[in-house]
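Peer 1: any chance you can model this:
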Amino acid sequence: MLVALACLVHICAHAGSTEAPSAHTTRLKQLKEAETGLLEAQSRTYPDDKAKRAVLNSKYGALALVRSMVADGDGAVTAFNRMPDEDVPATKSEFDSINHAIAEDAIAAIVREAKKTQVVVLNEAHHVPMHRAFAMKLARELKKAGYTYLACEAFSMYDDFPLQKQYVGEKAGILTKESTYANFLRDTMQDQWKFVSYEPVDGPRESGMAKNLVQKIFRQDPKAKVFIYVGYSHAYEFPIAETDDDKSKMAAQLKRLTGINPLTVDQTAMYEHVDTKRESNLYKAALAKMKQEKPFVLKSDSQHYLKLGINNKLVDMQVIYPAYSNSPATGRASWLTTLAGFTARDIPKELLPATGRRLIYAYHKQEPADGVPADVVIVEAGKAVPKLMLPPGEFRFAFED
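Peer 2: Below is the predicted model of the structure:
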């Protein structure tokens, strides 16, 4: 997609010299299109409420995804939360279970349990980049524990050899264009993981995913230790899979096809929301009781892992996130430092806007022109200037108005 003529795009090298414009610095344009699309959808007339909800939900979801791509985490969660959500009241026994539980570092607990099996399935909310920072940190430890394959739902279904060129390009996948996801993959490339795409082109999706994993990994390497990174319910083990086209999910289908009991982990239910009304009361109770600074899991006095606000049969473990506030020092979410381990860096002064809203991109200097940026951030004239949050390396910069 080319930048509109009204969009001014420059690429500035690390040393300050100017390079050719990039056709890939188009995220601000996409954000504006998503904002406009939502406004247009809100002003339309619909035949009934069901039709209206369907269209608006798709627009909220699209806006949430684009906001996550421009590092507007709060905006992404806010947009996604405009979609209705079932409120399942918590029971007294669930609150009691929190009071009798102990908290444990989530990474340490998952790795310990991962050593008992050969498959770990971790899910994410696609509009929450923080989940990818956790996946990055977990992958480092799983590699030390003997895991070697990383299978990502986000990889393009048409790419049988993802990341073969040893960098994260724009065509690697839709979700991998988000900077935290790209940094996660760069980190795993350094650790020499074997990458696997498994999204089916056609047929039943859940069983198709599982069959592709069997064909690409387990048929050649039955003892393979595999980290599978998925979205939402693909990590669910319940309902149990019985046929290719039943209502079961990928993790359940994989268990049916391989006989391997995977370690399944949810991280999509228990994290901070901008609107605290959308936070589970169980989440609030867990934070108040445990007062943890890192993602954690809860273990009951009978040594079972608690799963709050979801069916206990769906997954084996659940990650609970502390409330990460924005850092006054960086103007960015504090998890970028404490969880992801990125370093704050000033935006070059010559890139700051005199008026209006501008998107700043930071690209790894050694990567080709179609490399995914290591960070993007919105800067608005007259407002406090946020920092770039970057992994190690040298960078070239871009801006888009």
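Peer 1: I'd say Glu279 and Glu272 touch.
Peer 2: Yes. The pair Glu279 / Glu272 is scored as a contact, 7.0 Å apart, by Cβ atoms under 8 Å. In this view, the C-beta of every residue, glycine as well, is placed from N, C-alpha and C.
Peer 1: which one of those two has more residues nearby?
Peer 2: Glu272 (21 against 18; other Cβ atoms under 10 Å).
Peer 1: how about the nearest residue to that one, chain neighbours excluded?
Peer 2: Ala323 (4.6 Å; Cβ to Cβ, 6 or more residues apart in numbering).
Peer 1: look at the one you found and report its pLDDT.
Peer 2: Listed pLDDT for Ala323 reads 94.
Peer 1: what secondary structure does it sit in?
Peer 2: coil (DSSP: H, G, I helix; E, B strand; the rest coil).
Peer 1: same deal with Phe195?
Peer 2: Classification of Phe195 using three-state DSSP returns strand.
Peer 1: next SSE after the helix ranked longest in the chain?
Peer 2: When the chain is parsed with DSSP state H, its longest helix is helix 49-69. Going down the chain from helix 49-69, the next helix or strand is helix 73-80, by DSSP states H and E.
Peer 1: pull the CA atoms of that next one into PDB?
Peer 2: In PDB, the C-alpha atoms belonging to helix 73-80 read as follows (Å, rounded to 0.1, in the frame of the first residue of the first chain):
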ATOM      1  CA  GLY A  73      -2.200   0.100  23.800                       C
ATOM      2  CA  ASP A  74      -4.800   1.900  25.900                       C
ATOM      3  CA  GLY A  75      -6.600   2.900  22.800                       C
ATOM      4  CA  ALA A  76      -6.600  -0.600  21.400                       C
ATOM      5  CA  VAL A  77      -8.100  -2.100  24.600                       C
ATOM      6  CA  THR A  78     -10.700   0.700  24.800                       C
ATOM      7  CA  ALA A  79     -11.800   0.100  21.200                       C
ATOM      8  CA  PHE A  80     -11.900  -3.700  21.700                       C
END
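Peer 1: for the helix or strand following it, buried residues please.
Peer 2: Next helix or strand after helix 73-80 toward the C-terminus (DSSP H and E): helix 92-99. By neighbour count on 16 or more other Cβ atoms under 10 Å, the buried set for helix 92-99 is Glu94, Ser97, Ile98.
Peer 1: who's in contact with helix 92-99?
Peer 2: Leu282, Ala285, Ala286, Lys289, Leu298, Ser300, Leu306, Leu308 (Cβ atoms under 8 Å, 6 or more residues apart in numbering).
Peer 1: all helices of the stretch 251-400 of the chain, in order?
Peer 2: Ranges of helices in the stretch 251-400 of the chain, per DSSP state H, counting those that start in this stretch, are 281-290, 335-338.
Peer 1: give me whichever of the ones you listed is most buried.
Peer 2: For the helices of the stretch 251-400 of the chain, average neighbour numbers computed from mean count of other Cβ atoms under 10 Å are highest in helix 335-338, which has a mean of 21.
Peer 1: same question for that helix, mean pLDDT?
Peer 2: pLDDT averaged over helix 335-338 gives 97.
Peer 1: confidence score at the residue lying farthest from the centre of the chain?
Peer 2: Computed with Cα atoms, centre = their mean, the residue of the chain farthest from its C-alpha average is Pro47, at 35.1 Å. Note on Pro47: pLDDT of 96.
Peer 1: how's the protein carved up into domains?
Peer 2: 1-85, 92-320 (automatic domain parsing).
Peer 1: reformat the contacts of helix 92-99 as JSON lines; add pLDDT and distance to Asn57.
Peer 2: JSON lines is the format used below for the contacts of helix 92-99 (pLDDT from 0 to 100; distance: Cβ to Cβ, whole Å):
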{"residue": "Leu282", "pLDDT": "96", "distance to Asn57": "25"}
{"residue": "Ala285", "pLDDT": "96", "distance to Asn57": "29"}
{"residue": "Ala286", "pLDDT": "97", "distance to Asn57": "29"}
{"residue": "Lys289", "pLDDT": "95", "distance to Asn57": "34"}
{"residue": "Leu298", "pLDDT": "98", "distance to Asn57": "32"}
{"residue": "Ser300", "pLDDT": "92", "distance to Asn57": "36"}
{"residue": "Leu306", "pLDDT": "97", "distance to Asn57": "30"}
{"residue": "Leu308", "pLDDT": "95", "distance to Asn57": "25"}
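Peer 1: make a markdown table out of the residues you listed and add distance to Ala333.
Peer 2: Putting the contacts of helix 92-99 into a markdown table (distance: Cβ to Cβ, whole Å) gives the following:
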| residue | distance to Ala333 |
| --- | --- |
| Leu282 | 23 |
| Ala285 | 23 |
| Ala286 | 20 |
| Lys289 | 24 |
| Leu298 | 24 |
| Ser300 | 31 |
| Leu306 | 26 |
| Leu308 | 23 |
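Peer 1: now, which of these sits nearest Asp202?
Peer 2: Leu308 (36.9 Å; Cβ to Cβ).
Peer 1: what's the closest non-adjacent residue to that closest one?
Peer 2: Leaving aside its chain neighbours, Leu308 sits nearest to Leu282 (4.1 Å; criterion: Cβ to Cβ, 6+ apart).
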